[in-house]
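>>> only geometry, no sequence info:
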């Protein structure tokens, strides 16, 4: 229990070291931050351009689409900021440098997640925050306490689900070292998928992201609850309330996978 209480402090100790390193060149950092924000903003610009020709897409107006986009980008951005570095574990497995993490008096997971912490990744959630403000100003929603709490909570649970997928992808690299792109298909690819109404992709896709890889619980089902829209597949309209349960299950699964990967690890001997 004492060791568990030390984990957050250990993580932030490593993170602050990388932050100080990034801010040693403030102009370079600001340029990379601005560039990253502009690149991710082009995705939303494409959506705005699309709505210059249509009034709705998959039953969603521009304001509602903006909410989907903002929540998808925000959750992935926060997960990527906190745990995205873990996807490079395959390189450390390949060159044997993971051994260094295993002999230090600090959990290997903490060291791997904080390795090369890139503060510039905060550009994505910042840009998502701007779009979120736009979305909230263009929504016709009868707000209640439950809807407000659901929207706020979905930012947390969605980030946790994405973070768990990052960890699952890293754990898979203990089996297949050169498989970082497989995880990217479910993280960055998942963000692209969840920024659009899932019903436009067909029932098979909706089933897959509900019951196999639960990306629908990142933002789609919570947003449906906030907007008062019916859930697909005949599911109850309150299914978005299960997002915390799904997030907890994903964390448990990711933890088991990571521990299993470490047990499987055999040093290169170099």
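On my side now, so go ahead. Predicted, not measured: the structure shown is a model, and the values here were computed from it.

>>> Show residues contacting the helix or strand residue 259 falls within.
Here residue 259, judged by DSSP states H and E, is contained in helix 243-264. Residues outside helix 243-264 that contact it (C-beta atoms under 8 Å, 6 or more residues apart in numbering): 102, 108-109, 153-154, 156-158, 160-161, 163-165, 167-168, 170-175, 214, 217-218, 221-222. For every residue, glycine as well, the C-beta is placed using N, CA and C.

>>> do that again at 7 Å, thanks
With contact meaning C-beta atoms under 7 Å, 6 or more residues apart in numbering, helix 243-264 is reached by 108-109, 153-154, 157, 160-161, 164, 167-168, 171, 174, 214, 217, 221-222.

>>> what's the closest of those residues to residue 86?
residue 167 (6.1 Å; C-beta to C-beta).

>>> hang on, residue 239 in a strand?
No: if the criterion is DSSP: H, G, I helix; E, B strand; the rest coil, then residue 239 is helix and not within a strand.

>>> Residue 221 is in contact with that one, correct?
Yes: here residue 239 reaches residue 221: they are 5.0 Å apart, a contact under C-beta atoms under 7 Å.

>>> secondary structure class for the nearest residue to residue 104 once chain neighbours are set aside?
Distances taken as C-beta to C-beta, 6 or more residues apart in numbering place residue 111 nearest to residue 104, at 6.7 Å, with adjacent residues excluded. Put simply, residue 111 is helix when judged by three-state DSSP.

>>> Next, count neighbours for residue 111.
Counted with other C-beta atoms under 10 Å, the neighbours of residue 111 add up to 20.

>>> Show me what counts as buried in stretch 127-145.
Across stretch 127-145, burial judged by 16 or more other C-beta atoms under 10 Å covers 127, 128, 131, 132, 134, 135, 139.

>>> C-terminal to the least confident helix or strand in the chain by mean pLDDT, what's the next element?
Least confident helix or strand of the chain, by mean pLDDT, DSSP states H and E, is helix 2-23 with a mean of 69. Downstream of helix 2-23, the next assigned helix or strand under DSSP H and E is helix 26-50.

>>> that older thread, so which of the contacts of helix 243-264 wins on neighbours?
Among these, the one with the most neighbours (other C-beta under 10 Å) is residue 161, at 30 neighbours.
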